[in-house]
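Chemist: Here is my input, please return the structure:
(4 chains)
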Protein chains: 2
Amino acid sequence: MNKKVTIYDIAKKLDITAATVSRALNNSPRISAKTRELVMNTAIEMNYKQNKLALALKSGKSKTIGVIVPHVNRSFFSYVIRGIEEELYPHDYQVIICQTYNEAEREIKNINALINAQVDGILMSISNISNEKDHIIYKIPEKNIPLIFFDKKINIKGTSYVTINDFKGGYMATEHLIKEGCTKIAHLYGDLSYEIYKDRFEGYKRALFDYGIDFNEKYVIQTISSTESGQNAVEELLKLETLPDAIFSSSDFVALGAIQKLKSKGFKIPEDVCVVGFSNEPFTKFMELSITSVDQFPLEMGKMAAQVFLEQIDNGEIKKDKKVIFTPKLHIRKSSSKTNKI
Amino acid sequence: MNKKVTIYDIAKKLDITAATVSRALNNSPRISAKTRELVMNTAIEMNYKQNKLALALKSGKSKTIGVIVPHVNRSFFSYVIRGIEEELYPHDYQVIICQTYNEAEREIKNINALINAQVDGILMSISNISNEKDHIIYKIPEKNIPLIFFDKKINIKGTSYVTINDFKGGYMATEHLIKEGCTKIAHLYGDLSYEIYKDRFEGYKRALFDYGIDFNEKYVIQTISSTESGQNAVEELLKLETLPDAIFSSSDFVALGAIQKLKSKGFKIPEDVCVVGFSNEPFTKFMELSITSVDQFPLEMGKMAAQVFLEQIDNGEIKKDKKVIFTPKLHIRKSSSKTNKI
DNA sequence: CTGTTAGCGCCTTCAT
DNA sequence: ATGAAGGCGCTAACAG
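Modeler: Presented below is the predicted three-dimensional model:
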């Protein structure tokens, strides 16, 4: 029954006081080299571990941050998490990862759990927009806990965000399709209450406009980020009299589903239909028919989000509401390359 | 400057004592219904949140468990995590997820961080076997923290594990290839200091033996779980005089890499070479050339690991060293179906 | 350089 | 039914 070793145990053994032990362990200057060494050695010997809980309670800083994402099992999010960890690693922060599975209730529970756990900050891609103005999320900045959004965000005073320029991403994707000779370009978009999807949609429309192509309402279909949704969307498109010759999807998974369905119906890609996705998930590259996609630089996004957090922790009150916007990059692959061989 | 609300703040406002507030909040029976309601309401009103750190410090239970995996971005692990979360969700446990990225140093740091964070238990797939007998991992059971392995494990007294029968998995995969008519079956294995890879290898050998096929040393190659490694392994195999007509890989990623390389060299799959992977990663199913693979039931594995943890927390001392072994399932797909059309 | 004291927020006896 | 007091493990202020 190995009871936990505390600084009192060390103190007793050495016949000194706990404060001295604490000072020795924390490299305080006000202590003799001899005592320090003695303490250090017995600490190791007794297998002492600092109790972070006590420290956190005392200091009010838990040295822990919470990250909330829909799924960790999504390349985009896992890279963001990796970026966050990389950046926070040297600063000795612990990262608690929470998954919402896109369920509103879980998101609320996660936020509550993180607040209760006294995290020093919350970094999140929001899964569920709520209209209630007394939603728990508004309590985060009120409690003076740094809140930094990445990817899917909402605008709350006192919070920051790190995103890519989604408008530009949508524009680039669409422009590329136009340059490949496509004129009947469908767009499979996500929930437009999220700015990322709205912006991608706007970029799409703007590109059409700039190149003198009429916007066709029948060519745009709402989806959720899954292959099934992409398959269903294509089913819808196939009911039209004039079929589209290209599809720009706001999600790689939807793009994949679309491709699967198109192929199963005997369409050739990219000859009959060009397809472009969004996020640059690894599978887009590894597929036999590689998929053109827009890179969001998730690793950099995560690192930047962590940096913003660190800044805010430092500055106390000053300089909240920081906005960082990366420029996306289009990776052109087989699924949309009619003209050039890839 | 919203300071944190404590039970003392509530107490002061209501002109009662903190102990009473605590009792009210915790549904103690020794309190009047009126006071309870009063406290409850003002708690909500003042936006009180229980400080779990203080609670944890007091009780010695953090209501937090740590999960350590190589990567969260691996379908297998993310499903295990999901299973763990599902199971622990109703019990109000917080899950801290740590990634080792297969680096020994990170693994040690993670374990230390979790111990310091006073987690009530650690569930892990071990990434790095150490020979040092004073490795931090041995300190976990010594400190009486439940330690439950899943997937990659090592045998330490006082710990439990949940795995599949890897021997059987290897056997099933190999037997299937034999029944497809393959006789020159290569095996791409992982680090044999892990039992999972050793067992899969043994299963492979046993199946060969049972069907009267000689084991050929030249047909087995060590790999690490990545597509590159699979490509390299195939490069090696192609140098042989007699090429194998089938490959059983201990990893889906290696299998994928192998397939990529084989195709690029003009081989037809499954006609020229049958390929079987391990883990049943989603991509094995979604690929155009779907890959036969062995399912490890990660969701169930996670749930079971969590259950074992809960049991151990309950029982205090009794009944450690619990072993749970699932039976794997082979999903036969195109990459190995010469005889039947899939 | 080291000891003493107090307090972080909470719960839990022991009284009343 | 409620109040008072102590302690979980640690550090920081104040003494000496």
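Chemist: Can you give me every residue that contacts residue A:304?
Modeler: For residue A:304, the contact set (CB atoms under 8 Å, 6 or more residues apart in numbering or on different chains) comprises A:83, A:162, A:324, A:326. (C-beta placed from N, C-alpha, C; glycine too.)
Chemist: Show the subsequent helix or strand relative to the one helix or strand in chain A whose mean pLDDT sits lowest.
Modeler: Ranking every helix and strand in chain A by mean pLDDT, DSSP states H and E puts helix A:282-286 at the bottom, with a mean of 88. Counting by DSSP states H and E, the next helix or strand C-terminal to helix A:282-286 is strand A:292-295.
Chemist: what's the spacing between the lengthiest helix in chain A and its chain's center?
Modeler: Scanning chain A for the helix with the most residues, using DSSP state H, yields helix A:298-315. With CA atoms, centre = their mean, to the nearest Å as the basis, helix A:298-315 stands 12 Å off its chain's centre.
Chemist: ok, then the element right after that helix?
Modeler: Next element after helix A:298-315 (DSSP H and E): strand A:323-326.
Chemist: what's the domain layout of chain A?
Modeler: A:7-50, A:61-164+A:297-327, A:166-296 (automatic domain parsing).
Chemist: Export the ones you listed as TSV, with columns for distance to DNA strand D.
Modeler: Shown next, in TSV, are the domains of chain A (distance: least, CB to the nearest atom of the strand, whole Å):
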stretch	distance to DNA strand D
domain A:7-50	3
domain A:61-164+A:297-327	10
domain A:166-296	40
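Chemist: Looking at the ones you listed, which is nearest to residue B:93?
Modeler: domain A:61-164+A:297-327 (9.6 Å; CB to CB).
Chemist: That closest one spans what distance, first to last residue?
Modeler: End-to-end distance of domain A:61-164+A:297-327 (CA to CA, to the nearest Å): 34 Å.
Chemist: what does stretch A:186-198 give?
Modeler: 15 Å.
Chemist: Quick check: buried residues in that stretch?
Modeler: A:186-191, A:194-198 (16 or more other CB atoms under 10 Å in any protein chain shown).
Chemist: Equivalent analysis for stretch A:166-184, please.
Modeler: Neighbour-count burial for stretch A:166-184 [16+ other CB under 10 Å]: A:166-178, A:180, A:182, A:184.
Chemist: coming back round to it: rounded mean pLDDT for the longest helix of chain A, please.
Modeler: Summarised as a single mean, pLDDT over helix A:298-315 is 93.
Chemist: ditto for stretch A:96-113
Modeler: 92.
Chemist: which parts of the stretch 1-150 of chain A sit against DNA strand C?
Modeler: A:15-20, A:23, A:28-35, A:54, A:57-58, A:60 (CB under 7 Å from any atom of the strand).
Chemist: from those residues, which ones fall inside helices?
Modeler: A:18-20, A:23, A:33-35, A:54, A:57-58.
Chemist: Tell me the buried residues within the residues you listed.
Modeler: A:20, A:23, A:54, A:57.
Chemist: Could you measure from the first one over to residue B:116?
Modeler: Between residue A:20 and residue B:116 the computed distance is 21 Å (CB to CB, to the nearest Å).
Chemist: again, but for residue A:72
Modeler: 23 Å.
Chemist: where in the stretch 1-150 of chain A is pLDDT low?
Modeler: A:1-2 (pLDDT under 70).
Chemist: Pull up the residues of it that are close to chain B.
Modeler: Residues of the stretch 1-150 of chain A that fall close to chain B, judged by CB under 8 Å from any CB of the partner chain: A:1-2, A:4, A:47, A:49-54, A:56-57, A:60, A:62, A:64, A:71-75, A:78-79, A:81-82, A:85, A:94, A:96-97, A:99, A:101, A:112-113, A:115-118, A:139, A:142-144.
Chemist: Among these, name the buried ones.
Modeler: Neighbour-count burial within the residues of the stretch 1-150 of chain A next to chain B applies to A:49-54, A:56-57, A:62, A:64, A:71-75, A:78-79, A:81-82, A:85, A:94, A:96-97, A:99, A:113, A:115-118, A:139, A:144; the criterion is 16+ other CB under 10 Å.
Chemist: Show me the strands in chain A, by range?
Modeler: For chain A, the strands defined by DSSP state E occupy A:64-69, A:94-99, A:121-124, A:147-150, A:160-164, A:185-189, A:220-222, A:246-249, A:274-279, A:292-295, A:323-326, A:329-331.
Chemist: Can you give the contact residues for the fourth one?
Modeler: Strand A:147-150 is contacted by residues A:80, A:121-126, A:137, A:140-141, A:156, A:158-163, A:301-302, A:305, A:308-309, A:312 when judged by CB under 8 Å, 6+ apart.
Chemist: Provide a PyMOL selection command restricted to the buried entries of these.
Modeler: Buried subset of those, written as a PyMOL selection, criterion 16+ other CB under 10 Å:
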select buried, chain A and resi 80+121+122+123+124+125+126+137+140+141+156+159+160+161+162+163+301+302+305+308+309+312
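Chemist: Smallest gap between the stretch 201-342 of chain A and chain B, at which residue?
Modeler: Per CB to the nearest CB, residue A:288 is where the stretch 201-342 of chain A lies closest to chain B, at 5.7 Å.
Chemist: Could you give the number of residues near the residue lying closest to residue A:218 once chain neighbours are set aside?
Modeler: Spatial nearest neighbour of residue A:218, excluding adjacent residues (CB to CB, 6 or more residues apart in numbering or on different chains): residue A:240 at 5.8 Å. Residue A:240 has 13 neighbours, counted by other CB atoms under 10 Å in any protein chain shown.
Chemist: Residue A:240 contacts residue A:220, doesn't it?
Modeler: No: assessed by CB atoms under 8 Å, residue A:240 is found out of contact with residue A:220, at 11.8 Å.
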